[in-house]
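Colleague: fold the stuff below for me.
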Amino acid sequence: MYVAHLSLADFRSYAAVELALEPGVSAFVGPNGQGKTNLVEAIGYVATHGSHRVASDAPLIRAGAPRAIVRTGVVKDDRKALIEIEINPGRANRVRLNRGNVPRPRDLVGMLRTVLFAPEDLALVKGDPGERRRFLDELLTLRTPRMAGVRSDYDRVVKQRNALLKSAAAQRRTPGPEMLATLDVWDSQLANVGAELLAARLELVAALRPLVAGAYANVAPTGGAAELTYKSSLLGSTSRTDEGGDLELSTGRAQLVVMLEGGLAEARQQELARGVSLVGPHRDELLLRLGELPARGYASHGESWSFALGLRLAAFDLLRADGDDPVLILDDVFAELDAGRRRRLAELVAPAEQVLVTAAVPADVPAELKGASYAVANGSVTRE
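Modeller: You can find the predicted model right below:
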């Protein structure tokens, strides 16, 4: 799989861009602030329907423009597809496939698969649990596009349930039978949809664990062992997905439904008092460890970078095992790495079908990743 063409209209700093690409390595080189990251951000947006830099779509629109348009020509197994997204801040985005309208943007998830590593990925190690949940859920959706619907349904249930709990907390009195009956309905929906999301995450973490360990060892061979542990809000102790823990990989969906229902019942009074849902996958955590210590708070800057790289490389390996190389995007990565890590990373990613690299100066692109080069400056992109 590779991107053969990128077209932008009023996206970020670009009024218009038409860019032909090819398999192999393509490096976008230019001073900071010239728009290199905007190019790869647009490609990542087509794959995930979200930006790795901002939480909302409004910053993606060029100043003064009413909307932005991103088009990508994607080649997979010699078949070509044209994917177009019209980004409309404050309104629903419009999506087209081969010039035909698509009812829902999420129906195109999986048509283009990317793995993007950027400076923001330090938050995977140093940031809040939400960053790591997002990593898992985006990877789930790329592997199994129908999970986009599951995630959307779960988010809707949590939002509605939180609104009800907030209303109950504001009243500062015992909820009446009608409110409790409504809460029972939302509990049932959260347990059913949440169990499907939780089961998928458990399976994903089990698949990622050896890949992350191997990738980290390749990038940082002198560091400790990288380990992943899934911690569920259902349990007071850490949950291991495959080694005799409280939530094993073999825990079936039906059993998870029962466990979630029980957890919600147990937490009900506390939830009513605080006005927020305290049990469910939205409260879970992916714990990262280096040897015997948690990576967050203990890992050095270099170790944190290496762990984040390990997570992304593991995601790449997992997607590749599904049958297609995803497009690998390395946004301003090499300037942050020492010479050894830079060389090892370049050797690991060079065989990918398509690698897109951004760098401030040509020297930041390792010799192992020489290929097509594009100069980015003053709102233009030129093949060198």
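
Colleague: against residue 344, how distant is residue 289?
Modeller: Residue 289 sits 22 Å away from residue 344, taking CB to CB, to the nearest Å as the criterion. C-beta coordinates here come from the backbone N, C-alpha and C atoms, glycine included.

Colleague: could you identify the helix or strand that succeeds the helix or strand harbouring residue 6?
Modeller: Assigned by DSSP states H and E, residue 6 falls within strand 2-11. Using DSSP H and E, the helix or strand that directly follows strand 2-11 along the chain is strand 14-20.

Colleague: show me how far the helix or strand of the chain with the lowest mean pLDDT is from its chain's centre.
Modeller: The weakest-scoring helix or strand in the chain, judged by mean pLDDT, DSSP states H and E, is helix 339-349 (a mean of 86). Offset of helix 339-349 from its chain centre (CA atoms, centre = their mean, to the nearest Å): 23 Å.

Colleague: run through the neighbouring helices and strands of that helix.
Modeller: Using 3 or more CB pairs under 8 Å, 6 or more residues apart in numbering; DSSP states H and E as the contact test, the elements touching helix 339-349 are helix 177-219, helix 301-321, strand 327-331.

Colleague: pairing partners for the shortest one, with directions?
Modeller: In other words, strand 327-331. Strand 327-331 pairs in its sheet with strand 114-117 (parallel), strand 354-359 (parallel), by DSSP bridges.

Colleague: next, the angle from the strand holding residue 6 to strand 14-20.
Modeller: Using axes from the mean of the first three to the mean of the last three CA atoms, to 10 degrees, one finds that strand 2-11 and strand 14-20 are set 170 degrees apart in direction.

Colleague: quick one: contacts of strand 2-11?
Modeller: Outside strand 2-11, the residues that touch it by CB atoms under 8 Å, 6 or more residues apart in numbering are 14-23, 38-39, 42-43, 60-62, 65, 67-75, 80, 87, 112, 327, 353-354, 356.

Colleague: residue ranges of each domain in this structure, please.
Modeller: Using automatic domain parsing, the domain parsing of the chain gives 1-113+327-384, 122-323.

Colleague: can you put these in JSON lines and add mean neighbour count?
Modeller: Listed next are the domains of the chain as JSON lines, based on neighbours: other CB atoms under 10 Å:
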{"stretch": "domain 1-113+327-384", "mean neighbour count": "17"}
{"stretch": "domain 122-323", "mean neighbour count": "18"}
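
Colleague: and those, which one's lowest on average pLDDT?
Modeller: Ranked by mean pLDDT, the domains of the chain end with domain 122-323 at the bottom, a mean of 88.

Colleague: any idea how far apart the tips of that one sit?
Modeller: 28 Å (CA to CA, to the nearest Å).

Colleague: returning to that earlier point: list just the one of the strands paired with strand 327-331 that sits closest to residue 104.
Modeller: strand 114-117 (20.1 Å; CB to CB).

Colleague: name the residues that touch the closest one?
Modeller: By CB under 8 Å, 6+ apart, the residues outside strand 114-117 that reach it are 40, 43-44, 47-48, 52, 308-309, 312, 315-316, 319, 326-331, 333.
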